[in-house]
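Engineer: Dropping a prediction and its sequence here:
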Amino acid sequence: MVTFWALLSGIQQTYAQSASTVTIGGTSSVNSISNNVATFVDEGLTISANGNITNFAVMITGSYTPGDILSYNGTLPSGVTPAAFNTTTRSLNFTGTASASNWQTFLRTVRLQTASATCFPESRQVAFVAGGALYNPLNGHFYNLSPSSTSWSQGATNANNQSYFGLQGYMATLTSSAENSYASVLLASDSWIGASDDYLNINAAVGYNLYANQSASEGKFYWVTGPEKGTQISTSNGTFLSTVYQNYAGGEPNNSGGEHVTELYVASKQWNDMPNGANFITVQEFGGMSTDILSSTIVFSRNIYVNGAPTSGISGGGVSVCSGVNS
């Protein structure tokens, strides 16, 4: 049995690549498939890289409906292991290292099967993601988890030292409800994100001595990592700027015992302030930095049209009947 932690370990190691650049392409036309029939997503998928690629993910990134499933019927590349289709991340994850050509041959055999298009045609989008990170089509960013628990400051440093096919890593900055929900599907435990009211973190983020000491910055949380570095979130503990997204739990942040950095709760997906010295996994994000090298095409998405709506009268048994349409 493949556990969630086995899946998570693959997502955690997406940055360990021998390839520094990768290009994924495929068929530009919409793939028209039949409802409830396992059909190849893209037999024209192309993958090239300047080295071996560690891990791959195939994800339903648009219009996922319960009952959808991704599968494959090809031979796995040597040393690559699969996880069962995960309905939380909506992904089929493969852990291991293989050449671009071997990945290409294998991933051309990935299939999509739906079961919901019984009364109306539906659409899907399926993405092939090199490195196996969680891909967010809403902002084009990628997310994974650090391999181990650390302090907040060490987690921020470690994230900043990561690169994902040329994209600079940073401790995640969750700037909308959609992004917060999307990144939260990774979590198996409470995890660090990049908000802080520590005056040293804030001063480093804005690039000058905005606050003279901790008393001056207390309760004034900022994003201190990533593209949003230097963006203020709150003006005091529990008082937030209306123009900036935040998701602190009720009564938080409250600086209960020297809490100056932020964690993301696994249970509620809300935020809480914590001491820097606590040990948590770090949510790492890639994308949106001015220093990013954009020579790679890390993801390719194929649009799918799912047929299945009845087009004529009932001619025999076993025919789907749509409520309010057929007599």
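Structural biologist: Received it, and whenever you're ready, just let me know what you need.
Engineer: need the helices for the stretch 51-200 of the chain, in chain order.
Structural biologist: For the stretch 51-200 of the chain, applying DSSP state H, counting those that start in this stretch gives helices covering 100-107, 152-160, 177-184, 199-206.
Engineer: Contacts for the longest one, please.
Structural biologist: Looking back up the chat, that one is helix 152-160. Helix 152-160 has contacts (Cβ atoms under 8 Å, 6 or more residues apart in numbering) with 146, 150, 168-171, 192, 194, 196, 224-225, 261, 274, 276, 278, 280-282, 284-285. Bear in mind the C-beta positions are built from the backbone N, C-alpha and C, glycine included.
Engineer: Now do residue 64, the pLDDT please.
Structural biologist: On pLDDT, residue 64 comes in at 94.
Engineer: With residue 319 instead?
Structural biologist: Per-residue confidence (pLDDT) for residue 319: 61.
Engineer: do the same with residue 323
Structural biologist: The model's pLDDT for residue 323 equals 65.
Engineer: same question, residue 18
Structural biologist: Per-residue pLDDT puts residue 18 at 92.
Engineer: Might you report the residue contacts of it?
Structural biologist: Residue 18 sits next to 51, 52, 54, 97 when contact means Cβ under 8 Å, 6+ apart.
Engineer: hmm, try it at 10 Å
Structural biologist: Going by Cβ atoms under 10 Å, 6 or more residues apart in numbering, residue 18 touches 49, 50, 51, 52, 53, 54, 97.
Engineer: How about residue 21?
Structural biologist: 48, 49, 50, 51, 130, 165, 166, 293, 295, 296, 297, 298.
Engineer: now, the most widely separated pair of those residues?
Structural biologist: The largest separation in the contacts of residue 21, counting by Cβ to Cβ, is between 48 and 293 at 16.7 Å.
Engineer: re the thing from before, go through the contacts of residue 18 and say which is closest to residue 75.
Structural biologist: Residue 75 has its nearest neighbour among the contacts of residue 18 in residue 97, at 16.2 Å by Cβ to Cβ.
Engineer: For the stretch 51-200 of the chain, which segments count as strands?
Structural biologist: 53-62, 69-72, 81-82, 91-98, 110-113, 122-130, 134-136, 141-145, 163-164, 167-171, 191-196 (DSSP state E, counting those that start in this stretch).
Engineer: And these: which comes nearest residue 209?
Structural biologist: Relative to residue 209, the nearest member of the strands of the stretch 51-200 of the chain by Cβ to Cβ is strand 191-196, separated by 15.8 Å.
Engineer: could you dump the closest one to CSV, C-alpha only?
Structural biologist: Extracted in CSV, the C-alpha atoms of strand 191-196 (Å, rounded to 0.1, in the frame of the first residue of the first chain):
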residue,chain,number,x,y,z
SER,A,191,4.1,24.1,8.4
TRP,A,192,6.0,27.4,8.1
ILE,A,193,5.0,30.2,5.7
GLY,A,194,6.8,33.5,5.1
ALA,A,195,5.1,36.1,7.3
SER,A,196,6.7,37.7,10.3
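Engineer: Would you give the sheet partners of that strand, along with the direction of each?
Structural biologist: Strand 191-196 has its sheet partners listed here by DSSP bridges as strand 222-223 (antiparallel), strand 261-264 (antiparallel), strand 281-286 (parallel).
Engineer: I'd like these as CSV, with mean neighbour count and mean pLDDT appended.
Structural biologist: Listed next are the strands paired with strand 191-196 as CSV, based on neighbours: other Cβ atoms under 10 Å; pLDDT from 0 to 100:
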stretch, mean neighbour count, mean pLDDT
strand 222-223, 26, 98
strand 261-264, 26, 98
strand 281-286, 29, 98
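Engineer: Give me the below-cutoff pLDDT ranges for this structure.
Structural biologist: Within the chain, the set of residues satisfying pLDDT under 70 comprises 1-16, 309-327.
Engineer: Can you report how many residues lie near the closest residue to residue 142 other than its chain neighbours?
Structural biologist: Nearest non-adjacent residue to residue 142, counting by Cβ to Cβ, 6 or more residues apart in numbering: residue 133, 4.0 Å away. Residue 133 has 30 neighbours, counted by other Cβ atoms under 10 Å.
Engineer: same question, the one 5 residues further on
Structural biologist: Burial measure for residue 138: 10 neighbouring residues, criterion other Cβ under 10 Å.
Engineer: okay but residue 66 is in contact with residue 60, surely?
Structural biologist: No. Judged on Cβ atoms under 10 Å, residue 66 makes no contact with residue 60 at a distance of 11.1 Å.
Engineer: rewinding a little: ramachandran coordinates for the residue nearest to residue 142?
Structural biologist: Backbone torsions of residue 133, given as degrees, to the nearest 10, read phi -70, psi 160.
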